[in-house]
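Chemist: Okay, predicted coordinates and the sequence, questions at the end:
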Amino acid sequence: MKPRILLIEDDRVNAIVFQHYFQQEFDIVHLLTGYDLFDELAKFPTDIVILDINLGKDDINGIKLVTAIREHPIYNELIVFALTGYATHGDEALFITKGFNKYIAKPCLLYTSDAADE
C-alpha cells in the first residue's frame, strides 16, 4: 500500500501537476477547499497533508487549517507541508513556527528520477 497524501489546493492545474509527478509513489487525494479536511482524514489514514496557504478569498486558509490540525487530539501529529507562493525572506521560518513541518515554495521544481538523469 502506497503512502497517502491529502492535498488541499484551490488551483486545479497545480493539483493536476502535483498528482502527475507523485502518483507513482503516493495515493493522492485532492480537495479544492479545506472545509472537508477532517471528514476526509476520518475516512482514510493519511500520511502527509499538503496545504496551500492561500485557498482563495472564500475559503479558510492553510494557517488556520494547520492550527486546527495541531489542536486536534487525533491528528495533531500529522506531517503537514505548507505549499505557497509566499517565498520571501523569512516566510519559511514563519510557516514552521505556525505548525508546518515543511515548506514548499511555488512554483516548485518537480522532477522524476528519469528527468534527473537527462
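Modeler: Nice, I can see it.
Chemist: Residue 4: what's it in contact with?
Modeler: Residue 4 is in contact with 26, 27, 28, 29, 44, 45, 46, 47, 48, counting by Cβ atoms under 8 Å, 6 or more residues apart in numbering. From N, CA and C alone the C-beta is placed, and that goes for glycine too.
Chemist: The same query, at a cut-off of 7 Å, please.
Modeler: Residues counted as contacts of residue 4 (Cβ atoms under 7 Å, 6 or more residues apart in numbering) are 26, 27, 29, 44, 45, 46, 47.
Chemist: confidence score at the nearest residue to it once chain neighbours are set aside?
Modeler: In this structure, residue 4 finds its nearest non-sequential neighbour in residue 27, 4.6 Å apart by Cβ to Cβ, 6 or more residues apart in numbering. Listed pLDDT for residue 27 reads 95.
Chemist: Give me the neighbour count for residue 27.
Modeler: Neighbourhood size, residue 27 [other Cβ atoms under 10 Å]: 15.
Chemist: From residue 31, how far off is the most centrally placed residue in the chain?
Modeler: In the chain, the residue lying closest to the centroid (Cα atoms, centre = their mean) is residue 50, at 1.0 Å. Residue 50 sits 11 Å away from residue 31, going by Cβ to Cβ, to the nearest Å.
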